[in-house]
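Enquirer: sequence-free structure coming up:
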Ligand SMILES: [Zn+2]
């Protein structure tokens, strides 16, 4: 498969075009994706990013590349300190809790391709070394509130995101600090404020800025240049722009990252998913309510650069589509139990298998177009169903099985067989509505009976300000 498959092309944010993917070192790929800041529940927007890059790593591996996939954990940052203040908890406890929850979500969603999760606070010496290097080279300056990167010293500032410094107004995404020379300058090191966790440094006790954590981790692991950096589009500016400025000023090697990949956002009715907007779906809640494999399918069934419109209805619909593929797999399994040696349509089926594998590869090698790849799989599933109905033979069916296994390997799907049994979401919601109506007319006996019935079925109801939510126990 690897030899005949088309060359891989990747949309590179840096050039704003699809480029032929050629790693620095032969068939080795160094890949980094911005990880979470474990200070709150990871949500479906995060899931979209991590499922995307899980598929990227899986596909590259399926094509024979040795991928080293590194993800950081921002375990010290402003928002973690805010959370300490809000909850009175220690930062380590906050990180441990939300990182644990994140990992549970990743396992459930079958995002298993990360090789190393690197914690920022395990890289303090590397961070200090980089900041010192930037100070020594004249790219950074020290004030009483910390150490700052002087964006006017880096002529390429803005080359990744296309944003100019003048466009950045103070207070937009960067905190206002009167000790900074320019509004766009960002903190490399933040001096300790009372009650904050801190580390020793040549500039006094403090903690690293967000952006320097990533370049300290990547440069110490990969050296001054590496192949692929992924993340959500919203991180492009200033976060990724700052990474470029830090790394290229520090090492003098350009470009720091050869391919920058940015994934489209997960939207809810045209808005970003955000706690303050009340449209927030934690991964934890989503996988309690829906089959995690369906959630993954929902996210993969779109091109990664496109935004996705999320709604519970859209996931239910994805579930129904996905069930069609599972049904084919169940048919296949049944047919393989005692297949005839040969069947009338075997040649056509074998040819469909070859064509679909080629189409799948063509789609995936074109900037990881999972949407097209899945379209090919759906079409194929219909042909497979027909062929099974007509009595397909052992070898042709074996070819189908192998094809589905390799598609499943790349997309991270087709693991669960799906029961097809149990209550479907529509039925559950009908029951909930009936209960709501009963409550409105003060028929509490009926309302209670339905709640008990749902409880017996393993469904837990939660009354929220947006109405009743439910999840599977
Ligand atoms: Zn990052």
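Expert: Looks like it came in fine. Bear in mind that the values here come from a model prediction, so they are computed numbers and not experimental data. Numbering: from 1, shown residues only.
Enquirer: How confident was the prediction at the closest residue in space to residue 252 that isn't next to it in sequence?
Expert: What sits nearest to residue 252 in space, not counting adjacent residues and going by C-beta to C-beta, 6 or more residues apart in numbering, is residue 224, at 7.8 Å. The C-beta positions use only the backbone N, C-alpha and C, and glycine is treated the same way. Confidence at residue 224, expressed as pLDDT, is 98.
Enquirer: Isn't residue 224 up against residue 254?
Expert: No - at 9.3 Å, residue 224 does not count as touching residue 254 under the criterion of C-beta atoms under 8 Å.
Enquirer: picking up where we left off before, how about the secondary structure of the residue nearest to residue 252?
Expert: Following DSSP: H, G, I helix; E, B strand; the rest coil, the label given to residue 224 is coil.
Enquirer: All further residue positions should be reported with the first residue as 57.
Expert: Understood, numbering begins at 57; the last thing we discussed is residue 280.
Enquirer: Next one: it from residue 302, what distance?
Expert: According to C-beta to C-beta, to the nearest Å, residue 280 and residue 302 sit 12 Å apart.
Enquirer: next one: residue 176
Expert: 14 Å.
Enquirer: ok and the residue in this structure nearest the ion?
Expert: residue 90 (3.0 Å; C-beta to the ion).
Enquirer: how about that residue, phi and psi?
Expert: phi -60, psi 130 (degrees, to the nearest 10).
Enquirer: what sits against the closest residue to it other than its chain neighbours?
Expert: Nearest residue to residue 90, sequence neighbours excluded (C-beta to C-beta, 6+ apart): residue 287, at 4.2 Å. If a contact means C-beta atoms under 8 Å, 6 or more residues apart in numbering, then residue 287 has 89, 90, 105, 295, 296, 317, 318, 319 as its contacts.
Enquirer: pretty sure the fourth one contacts residue 268?
Expert: Think residue 295. No - using C-beta under 8 Å, residue 295 is not in contact with residue 268; the gap is 11.0 Å.
Enquirer: For residue 294, see how far away residue 267 is.
Expert: Going from residue 267 to residue 294 by C-beta to C-beta gives 8 Å.
Enquirer: Give me the common contacts of those two.
Expert: Shared contacts of residue 267 and residue 294 (C-beta under 8 Å, 6+ apart): residue 242.
Enquirer: circling back to that earlier point, more neighbours, residue 295 and residue 268?
Expert: residue 268 (29 against 18; other C-beta atoms under 10 Å).
Enquirer: Is the helix or strand containing that one in proximity to the ion?
Expert: Using DSSP states H and E, residue 268 maps to helix 266-278. Yes - judged by C-beta under 5 Å from the ion, helix 266-278 and the ion are in contact via residue 270.
Enquirer: so what's residue 201 up against?
Expert: 233, 235, 243, 246, 247.
Enquirer: Give the next helix or strand downstream of the helix holding residue 268.
Expert: Next helix or strand after helix 266-278 toward the C-terminus (DSSP H and E): strand 282-288.
Enquirer: who does that following strand pair up with?
Expert: In the sheet, strand 282-288 lines up against strand 84-89 (parallel), strand 313-319 (parallel) (DSSP bridges).
Enquirer: mind giving me JSON lines with the ones you listed and columns for mean neighbour count and mean pLDDT?
Expert: Output for the strands paired with strand 282-288, formatted as JSON lines (neighbours: other C-beta atoms under 10 Å; pLDDT from 0 to 100):
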{"stretch": "strand 84-89", "mean neighbour count": "23", "mean pLDDT": "98"}
{"stretch": "strand 313-319", "mean neighbour count": "23", "mean pLDDT": "98"}
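Enquirer: mind putting those strands in CSV, distance to residue 261 included?
Expert: Listed next are these as CSV, based on distance: least, C-beta to C-beta, whole Å:
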stretch, distance to residue 261
strand 84-89, 29
strand 313-319, 32
